[in-house]
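Chemist: coords please:
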Amino acid sequence: DPNSGWQQKIVPLAIASLQSNPDIKNMLWKGDELNKAVKSAAPEPANWTPTSTGLGITFSQYAVGPYVIGMPRAHLTWDQLKPYLAPGFNPSTLPAPIPKSNP
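Modeler: Numbers count the residues shown, from 1 in each chain. Below you'll find the model as predicted:
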């Protein structure tokens with residue numbers, strides 16, 4: 001919904017998702033630096049991967065932390081995003097996430 005203010009409201013959700021990843025949480029930028037990076041990247045549809053379970057937001061290398069963390073992804077569930085979605089949006093019509101392969 002364009003009038004919901006979603007661009008600002010998804011920032012803390014994306015930060016919380018990134019910080020919940022134990023593999024990268026201690027390597028993320030801190031404070032305002034992390035907030036600015038997420039605020040810049042999260043609203044950009046080019047960074048999104050919508051699936052039936054939620055919205056993935058992929059951050060480029062160096063965007064939210066050092067090179068070693070790669071391209072981290074925040075995952076926001078549709079329940080978290082429900083207040084900001086357009087009326088009638090039905091996430092069940094989206095594809096299921098692609099399972100990660102084990103090398």
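
Chemist: Let me know whether residue 19 touches residue 25 as I believe.
Modeler: Yes - in terms of Cβ atoms under 8 Å, residue 19 counts as a neighbour of residue 25; the distance is 5.0 Å. C-beta here means a position set from N, CA and C on the backbone, and glycine is covered the same way.

Chemist: Could I get the full set of strands for this protein?
Modeler: 48-50, 54-58, 73-77 (DSSP state E).

Chemist: Among those strands, single out whichever gets nearest to residue 35.
Modeler: strand 73-77 (13.2 Å; Cβ to Cβ).

Chemist: tell me which residues in the closest one are buried?
Modeler: 74-76 (16 or more other Cβ atoms under 10 Å).

Chemist: Any chance of those residues in CSV with distance to residue 52 as columns?
Modeler: Output for the buried residues of strand 73-77, formatted as CSV (distance: Cβ to Cβ, whole Å):
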residue, distance to residue 52
74, 17
75, 12
76, 13
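
Chemist: neighbours around residue 11, how many?
Modeler: A count of nearby residues for residue 11, using other Cβ atoms under 10 Å, gives 20.

Chemist: quick one: residue 88 from residue 1, how far?
Modeler: 11 Å (Cβ to Cβ, to the nearest Å).

Chemist: Those two: who's more crowded?
Modeler: residue 1 (11 against 5).

Chemist: Could you identify the longest helix within the protein?
Modeler: When the chain is parsed with DSSP state H, its longest helix is helix 6-19.
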